[in-house]
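**Student:** for reference, the sequence and a predicted model appear below.
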Amino acid sequence: MTKRKKEPINSRTASIIRATDLPAATKKNHKQLGISDDDLGVLYRSMYLQRRFEERAMQMYQKGKFGGFLHLYIGQEAVSTGTAYALQEEDDFITAYRDHGLGLVKGITANESMAELFGKEGGCSRGKGGSMHYFKTEKHFWGGHAIVGAHLPLAAGLAFANKYRGEDRIAICFFGDGAIDQGALNESFNLAQLWKLPVIYVVENNGYSMGTAVQRHSAGRLMDRAKAYGMKHDEVNGMDLFSVIDKFSKVAKDVRKTGEPWFLEVITYRYRGHSMSDPGNYRTKEELAEYKRIDPIERLKIYVLENGHLTEKELDAINEEVEKEVLESIDFAENSPFPPEEQLYEDVYVEKDFPFLR
């Protein structure tokens, strides 16, 4: 029997999609996409807030201010920001555990977000959800789900409820490429297409399922999973904000018109490891540098500067304002109380007089 040669860990990166192989970025300018000059600053601020919030959250985690897990969205901010801009405020968002960015764009404040990480009562989930279970249903943000793929059927349920009540709302479900092989995806896709549910399923393909390159855990292109159900599908350059806005605006319009579901594969990249305990040794420094050259925040910054829509001074002012907001959120989190003991059994059951409660 021939002994199998051990494969160098960094050779796994041969399976990752190259930055040069990303779907083509849209050539439309912001005016063609219906984005005002003022909105360019709002969009930049949204992405920068997510980036700085998570960078500070990482520092707090390293200082031992809170524990558990922390999965960072750094590098994927164009997806959350572009989607929220393209859809309506009342549309329902649901996602997996890499949820801080989507929570912020759906209206969860930096204070509520940081307090939730610290497990404090002032958090968006009253300190009971932590990093992996952000919720704010008043803003139509339905989590934050830790179990891989478990929220896919819930998205179909949200869409069914909206259709049943005759509401002009779309449910949009985000998940990572690691969830693409869960059985729940097939069950959800089948019902969504069979019942013509107004839902958009979005796989944020950031190249790796924990430390396994996508080409090593899934056969074929991810967006092709929709073909088995006759579901409309496409892929998007998730490192380009305008491409995300362009595609999601068109898809949302089609879903509202036809009531039929869509599946989008957004090609993106995360600059940090899977979680804080992941050093990312499965990828090379060259690969990381290649993707940092197309950082979505830097792309927008270059666009607004080269076209004279914002000045360096104006961008610096936005950066300083964001930095102040994030630092204040840390103070808010540290000074907020922990949930009182009497809340231990609250938010477990819907019924206030559930028999198991004493």
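**Tutor:** Thanks, I have the structure now. Numbers count the residues shown, from 1 in each chain.
**Student:** wait, a helix at residue 204?
**Tutor:** No. Read with DSSP: H, G, I helix; E, B strand; the rest coil, residue 204 is strand and lies in no helix.
**Student:** list the contacts for residue 201?
**Tutor:** Residues near residue 201 by C-beta atoms under 8 Å, 6 or more residues apart in numbering: 152, 155, 173, 175, 185, 188-189, 192, 261-264. Every residue, glycine included, has its C-beta placed from N, CA and C.
**Student:** so which of those comes closest to residue 119?
**Tutor:** The shortest approach to residue 119 among those belongs to residue 175, at 25.3 Å (C-beta to C-beta).
**Student:** wasn't that closest one part of a strand?
**Tutor:** Yes. Counting by three-state DSSP, residue 175 is part of a strand.
**Student:** my read: it touches residue 96, true?
**Tutor:** Yes. Counting by C-beta atoms under 8 Å, residue 96 is a contact partner of residue 175 at 5.2 Å.
**Student:** and which of the contacts of residue 201 is nearest residue 227?
**Tutor:** Using C-beta to C-beta, those come closest to residue 227 at residue 263, 9.5 Å.
**Student:** wait, doesn't that closest one sit right on residue 233?
**Tutor:** Yes. With contact defined as C-beta under 8 Å, residue 263 reaches residue 233; the gap is 4.4 Å.
**Student:** who has more neighbours out of the two?
**Tutor:** A direct count of neighbours by other C-beta atoms under 10 Å for residue 263 and residue 233 places residue 263 higher, at 27 against 20.
**Student:** SS state for the more buried one?
**Tutor:** Residue 263 - assigned by three-state DSSP - is strand.
**Student:** which is the next helix or strand following the lengthiest helix in the chain?
**Tutor:** Counting residues, the longest helix in the chain under DSSP state H turns out to be helix 37-62. With elements assigned by DSSP states H and E, the helix or strand that comes after helix 37-62 is helix 77-86.
**Student:** and that next one, what's its mean pLDDT?
**Tutor:** For helix 77-86, the mean pLDDT works out to 98.
**Student:** equivalent analysis for stretch 234-243, please.
**Tutor:** Rounded mean pLDDT across stretch 234-243 is 97.
**Student:** same check on stretch 170-185?
**Tutor:** 95.
**Student:** can I get it as CSV, trimmed to CA atoms?
**Tutor:** Provided in CSV are the C-alpha atoms of stretch 170-185 (Å, rounded to 0.1, in the frame of the first residue of the first chain):
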residue,chain,number,x,y,z
ILE,A,170,-39.7,40.5,0.8
ALA,A,171,-37.9,38.1,3.1
ILE,A,172,-34.2,37.9,2.4
CYS,A,173,-32.0,35.1,3.8
PHE,A,174,-28.2,35.3,4.1
PHE,A,175,-26.0,32.2,4.7
GLY,A,176,-22.4,31.2,4.1
ASP,A,177,-21.1,28.7,1.6
GLY,A,178,-20.7,26.1,4.4
ALA,A,179,-24.5,26.0,4.7
ILE,A,180,-25.1,25.3,1.1
ASP,A,181,-24.9,21.5,1.6
GLN,A,182,-27.4,21.4,4.5
GLY,A,183,-30.5,19.4,3.8
ALA,A,184,-32.6,22.4,5.0
LEU,A,185,-31.6,24.3,1.9
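**Student:** just the pLDDT for residue 120.
**Tutor:** 97.
**Student:** pretty sure it is in a helix, no?
**Tutor:** No. If the criterion is three-state DSSP, then residue 120 is coil and not within a helix.
**Student:** residue contacts, the spatially closest residue to it that is not a sequence neighbour?
**Tutor:** Spatially, and ignoring its direct neighbours in sequence, residue 120 is nearest to residue 336 (3.8 Å; C-beta to C-beta, 6 or more residues apart in numbering). Residue 336 sits next to 115, 118, 120-123 when contact means C-beta under 8 Å, 6+ apart.
**Student:** number of nearby residues for residue 91?
**Tutor:** 23.
**Student:** for residue 87, same thing?
**Tutor:** 22.
**Student:** now do residue 302
**Tutor:** 11.
**Student:** you'd agree it is in a helix?
**Tutor:** Yes. Counting by three-state DSSP, residue 302 is part of a helix.
**Student:** for the remainder of this discussion, apply numbering that starts at 42.
**Tutor:** Okay, residue one is now 42; in that scheme the one you just asked about reads as residue 343.
**Student:** hang on, the earlier thing: ok, the contacts of residue 242 vs residue 172, which is closest?
**Tutor:** Nearest member of the contacts of residue 242 to residue 172, counting by C-beta to C-beta, is residue 216, at 16.7 Å.
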